[in-house]
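Peer 1: Give me coordinates for this.
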Amino acid sequence: MEPRSARDLVLGPVVLSATANVVMELSWPGVGHGVAESRVDSGNVMLHPLHRFRTTNAYLAVALLGTVEERCAYRRAVGRSHAQVHSTAESPVSYDAFDPELQRWVALCLYRAFEDTWGLLAGAPGMRLPDDVYRECATLGTTLQVRPEQWPADRAAFDDAWDDGLTHVRIDDAVRAHFHRLLRGDFLPEPVRRATASTRAFWTTGFLHEPFRALLGLEWSAADQRRFEDRGRRLGAIVHRLPPFVRQAPYSTALADLRVRRRLGLALV
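Peer 2: Numbers count the residues shown, from 1 in each chain. Predicted structure coming up:
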């Protein structure tokens with residue numbers, strides 16, 4: 001089963017890979033310290049998890065489902081927040097949220113999340129999506145400061161860019177501490193955190209690529225992988241029977257909210 005366009009990739013279960021995706025994104029020091037040291041409290045998942053969930057979903061929705069005009073509006077809104085995210089004299093690494101290389105790595109991780117989720121739900125983990133669908137997903141980066149020519153030209157070029165990106169992965173103590181807070185679900189209300197702990201850990205570890213599991217000391221066996229694939233395949237059998245508007249509900253809702261906010265002149269980010 002292959003998607004016909006990038007729009008088909010926008011499925012509710014993508015949320016299952018969210019924490020794993022964040023871990024991979026933040027494993028580049030410039031991204032990790034940019035988030036860990038950020039002075040933009042509204043985007044801090046530990047302080048405002050619902051706000052962060054809304055804005056992340058809105059970004060994914062506008063990138064893959066929105067119009068060119070909406071993408072430009074969201075780019076400007078994100079840019080105003082990113083203007084405050086840059087290293088200081090006390091920062092252990094130099095970074096700037098406008099750095100297109102950092103943003104491209106984030107976009108590559110986002111694409112990987114959509115592709116991995118599609119493959120898992122389709123019963124074909126590790127599948128590579130068609131080049132035409134892949135190229136449409138360039139908007140995951142170009143909705144920010146990534147230029148079209150910086151997006152790898154085809155799926156084979158993506159693999160080269162991904163492998164190169166892995167050579168830049170570093171997890172120091174400060175970023176590792178942030179990761180473990182994410183993995184524990186410290187941003188969730190206590191009853192929710194406790195009730196969902198094992199399920200969240202299972203899906204997050206399953207969606208993490210190496211070397212990320214090893215770097216975080218997360219165990220994963222062949223039996224775990226079989227269970228992960230079986231659960232994903234069974235979930236996919238349900239999801240793909242649903243009408244498109246139900247499958248895409250979290251993202252279409254986020255896009256509708258963004259459109260209302262634009263009409264009312266409210267903050268998008």
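Peer 1: Going by C-alpha atoms from here, please, whenever you check contacts or count neighbours.
Peer 2: OK.
Peer 1: Could you give the separation of the helix or strand Met24 falls within from the chain centroid?
Peer 2: Following DSSP states H and E, one finds Met24 within helix 18-26. Taking CA atoms, centre = their mean, to the nearest Å, one finds helix 18-26 lying 6 Å from the centre of the chain it belongs to.
Peer 1: contacting residues for the residue nearest the centre of the chain?
Peer 2: In the chain, the residue lying closest to the centroid (CA atoms, centre = their mean) is Leu110, at 4.2 Å. Residues near Leu110 by CA atoms under 8 Å, 6 or more residues apart in numbering: Asn21, Leu140.
Peer 1: Next one: it, what pLDDT does it get?
Peer 2: In this model, Leu110 is scored at 97, pLDDT.
Peer 1: now the angle between helix 18-26 and the one helix or strand it maps to, please.
Peer 2: For Leu110, the enclosing helix or strand under DSSP H and E is helix 100-121. If you take axes from the mean of the first three to the mean of the last three CA atoms, to 10 degrees, helix 100-121 sits at 150 degrees to helix 18-26.
Peer 1: Please identify the buried residues of helix 100-121?
Peer 2: For helix 100-121, the neighbour count (16 or more other CA atoms under 10 Å) marks 100, 102-121 as buried.
Peer 1: quick one: it to chain centroid distance?
Peer 2: The answer for helix 100-121 is 6 Å, by CA atoms, centre = their mean.
Peer 1: now swap in stretch 139-150 and tell me
Peer 2: 15 Å.
Peer 1: Check stretch 196-211 too.
Peer 2: How far stretch 196-211 lies from its chain's middle: 14 Å, per CA atoms, centre = their mean.
Peer 1: Mind listing what's buried along that stretch?
Peer 2: Buried residues in stretch 196-211, defined by neighbour count with 16+ other CA under 10 Å: Arg200, Ala201, Phe202, Trp203, Thr204, Thr205, Gly206, Phe207, Leu208.
Peer 1: Which single one of those is nearest to Leu166?
Peer 2: The shortest approach to Leu166 among the buried residues of stretch 196-211 belongs to Leu208, at 12.9 Å (CA to CA).
Peer 1: How about the contacts made by the closest residue to the closest one other than its chain neighbours?
Peer 2: Leaving aside its sequence neighbours, Leu208 sits nearest to Ala20 (CA to CA, 6 or more residues apart in numbering; 5.3 Å). Counting by CA under 8 Å, 6+ apart, Ala20 touches Thr204, Thr205, Phe207, Leu208.
Peer 1: Now do the same for Ala20: its pLDDT.
Peer 2: pLDDT for Ala20: 96.
Peer 1: re earlier: against Asn57, how distant is the residue nearest to the centre of the chain?
Peer 2: Per CA to CA, to the nearest Å, Leu110 is found 12 Å from Asn57.
Peer 1: Show the contacting residues for Arg155.
Peer 2: Arg155 touches Arg128, Leu129, Pro130, Asp131, Tyr134, counting by CA under 8 Å, 6+ apart.
Peer 1: redo that, cut-off 7 Å
Peer 2: With contacts defined as CA atoms under 7 Å, 6 or more residues apart in numbering, Arg155 is in contact with Asp131, Tyr134.
Peer 1: How many neighbouring residues does Thr88 have?
Peer 2: 12 (other CA atoms under 10 Å).
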